[in-house]
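Participant: fold the following.
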Amino acid sequence: QVQLVESGGELVQPGGSLRLSCVASGFTNEYYTISWFRQAPGKEREGVSCIMVDGQTDYADSVKGRFAVSRDNAKNTAYLQMNSLKPEDTGVYYCAASISGWGLEEYEYDYWGQGTQVTVSS
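Facilitator: Have a look, this model is predicted:
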């Protein structure tokens, strides 16, 4: 049974940084894509970043240059380093995994975590 568990969300001031973690379990190998999505209050969930097993990455335009996704396959863990945070980055951040999909569209992903809250406010 695949399980994804996010952590690291908290309240941070504008301009600050946070690192989110996503621990995956239940996969038989590391050949899956991990993606980060977020959902702001009153808005639809949107793709933020994704990373393939070989390290290839993609980012939403709104976070390019500020966020960095990485993964440690030995630890079955993915990370989202978020810098220069803005109030509009506020939301619940979810990690998702796909064996065959890629990209920042929800339909590509089969497995989802429960989310971690990120609040950017002074």
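Participant: so what's A60 closest to, chain neighbours aside?
Facilitator: V48 (5.4 Å; C-beta to C-beta, 6 or more residues apart in numbering). Heads up, the C-betas are built off the backbone N, CA and C, glycines and all.
Participant: pretty sure that neighbour is in a helix, no?
Facilitator: No: counting by DSSP: H, G, I helix; E, B strand; the rest coil, V48 falls outside a helix, being strand.
Participant: so, low pLDDT: which residues of this protein?
Facilitator: For the chain, no stretch is flagged by pLDDT under 70.
Participant: who does the most centrally placed residue in the chain form a beta bridge with?
Facilitator: Against the mean C-alpha coordinate of the chain, by C-alpha atoms, centre = their mean, the closest residue is W36 at 2.3 Å. Note on W36: beta-bridge partners by DSSP bridges are S49, C95.
Participant: from Q3, how far off is it?
Facilitator: 17 Å (C-beta to C-beta, to the nearest Å).
Participant: T57 too?
Facilitator: Distance from T57 to Q3, by C-beta to C-beta: 23 Å.
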